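>>> This is the structure alone, sequence omitted:
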């Protein structure tokens, strides 16, 4: 297992990037499909994992978005195919060949407890600095299936000028509670 804790990643990023204003928030950029880039706030993530495919134990009769469970630090971590959950291509399709999955551990606080799930994505890329007020309402060019899961959309400034969709960890958890009931 190859894991990078996001606390270490945050420290490395902040030490190496002295130009980031304090009002910006850090997001982890990832891809659901080759042309759909997303990002999640680092404040909602605890770890990035590389997991061998055979280490996720499937559970029968579950929603197809639920890939199964994984032994994470001696605890059971439910693994979710984020692309499938939001209505895009499933990573468990037969034409998707890989020996390892890339996953982000999403952690949210509820009352006096925390809950974690693993979000499996096509690939994990880099850290983005973004002012939260720059997140715009999703445009008509965004796949409508994604909208219920989003905080907004961000157009990355020059030179790339590409659109990234900012996911909302709470919306992901809410959707999972709906499909598990």
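Cool, the structure landed. Quick caveat: nothing in here was measured; it's all calculated off a predicted structure.

>>> which residues in the chain form helices?
Secondary structure of the chain by DSSP state H: the helices cover 6-16, 82-85, 169-180.

>>> mean confidence for the first one?
Same thing as helix 6-16. Helix 6-16 shows an average pLDDT of 48 in the prediction.

>>> Just list the residues touching the residue nearest to residue 165 when sequence neighbours are not counted, thanks.
What sits nearest to residue 165 in space, not counting adjacent residues and going by C-beta to C-beta, 6 or more residues apart in numbering, is residue 38, at 4.9 Å. (C-beta placed from N, C-alpha, C; glycine too.) Contact analysis of residue 38 by C-beta atoms under 8 Å, 6 or more residues apart in numbering lists 29, 30, 31, 32, 121, 164, 165, 166, 167.

>>> One more: residue 78?
Contacts of residue 78 (C-beta under 8 Å, 6+ apart): 66, 68, 69, 117, 118.

>>> ok, how many other residues are close to residue 25?
17 (other C-beta atoms under 10 Å).

>>> Tell me how many other residues surround the nearest residue to it once chain neighbours are set aside.
Leaving aside its sequence neighbours, residue 25 sits nearest to residue 132 (C-beta to C-beta, 6+ apart; 5.3 Å). Close neighbours of residue 132, defined as other C-beta under 10 Å, add up to 14.

>>> Now for the chain: which strand has the highest residue count?
strand 100-110 (DSSP state E).

>>> Now do that strand: which elements does it pack against?
strand 25-33, strand 45-52, strand 75-81, strand 113-121, strand 123-130, helix 169-180 (3 or more C-beta pairs under 8 Å, 6 or more residues apart in numbering; DSSP states H and E).

>>> what comes up buried for the fifth one?
Translated: strand 123-130. Buried residues in strand 123-130, defined by neighbour count with 16 or more other C-beta atoms under 10 Å: 124, 127, 128, 130.

>>> per-residue confidence for the second one?
Looking at residue 127, its pLDDT is 94.

>>> quick revisit: please convert the helices and strands packed on strand 100-110 to TSV, extending it with distance to residue 91.
Below are those laid out as TSV (distance: least, C-beta to C-beta, whole Å):
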stretch	distance to residue 91
strand 25-33	9
strand 45-52	12
strand 75-81	5
strand 113-121	6
strand 123-130	10
helix 169-180	16
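
>>> Which stretch among these approaches residue 105 most closely?
Nearest to residue 105, of all the helices and strands packed on strand 100-110, is strand 45-52, at 4.3 Å by C-beta to C-beta.

>>> now stretch 25-38: how far from the chain's centre is it?
Mean C-alpha position of stretch 25-38 versus that of the full chain (C-alpha atoms, centre = their mean, to the nearest Å) differs by 8 Å.
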